[in-house]
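> need a structure here:
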Amino acid sequence: MLYMLMLHWNPEASTMDGETAIAAHLALAEEARGRNAYVYSEALAGTDVATTVRRGNGKPLQTDGPFAESKEMLAGFYVLDCQSADEAAEYAAKLVDTTDLAAVEVRPVVAVPNWPYEVAADRQRRSM
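All right, here's what the predicted structure looks like:
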């Protein structure tokens, strides 16, 4: 079953340098690949370049920034193919133990009936 691990990070509480954090993520991804569980992962740009779209007065309303005022932000995600929720939580625990993440939220990915699933094309990513 597929699980999404959503990585929540508080930049104000961060004590780890970027190279150390990336090394920890590469190690976890390599472990997941070795166990044939790795599907996909990405880092997300910061909230300073985020846009939120809501419905207001019956029409879309766009604002700069994240959807909620919070010190934590969604910093990235993994999609892993795990045998159980416990296995997905084991990966999440390793991420919390080896990085500056405030939390890792784990949720099953659900299939939507009649959705046209396909492999996503390789797309250009924003440079950090």
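> Give the residue farthest from the middle of the protein.
Residue farthest from the centre of the chain, counting by C-alpha atoms, centre = their mean, is N57 at 31.5 Å.
> ok, now how distant is that one from D64?
Per C-beta to C-beta, to the nearest Å, N57 is found 19 Å from D64. The way it works is simple: take the backbone N, C-alpha and C, and place the C-beta from them, glycine included.
> R35 now?
From R35 to D64 the distance is 40 Å (C-beta to C-beta).
> which of the two has more neighbours?
Applying other C-beta atoms under 10 Å to R35 and D64 shows that R35 carries more neighbours, namely 14 against 10.
> Next, the contact list for the residue nearest the centre of the chain, please.
Nearest residue to the geometric centre of the chain (C-alpha atoms, centre = their mean): F77, 1.7 Å. By C-beta atoms under 8 Å, 6 or more residues apart in numbering, the residues touching F77 are 4-7, 41-42, 44.
> run the last query once more with 10 Å
Applying C-beta atoms under 10 Å, 6 or more residues apart in numbering to F77 gives the contacts 4-7, 40-44, 104-105.
> Between those residues, which sits nearest S14?
In terms of C-beta to C-beta, no member of the contacts of F77 lies closer to S14 than L7, at 12.6 Å.
> In three-state terms, label the closest one for me.
Following DSSP: H, G, I helix; E, B strand; the rest coil, the label given to L7 is strand.
> and it, how many neighbours?
Neighbours of L7 (other C-beta under 10 Å): 24.
> who's in contact with it?
25, 41-44, 73-78, 92, 95-96, 99, 101-105.
> And it, how far from P108?
On the measure of C-beta to C-beta, L7 and P108 end up 17 Å apart.
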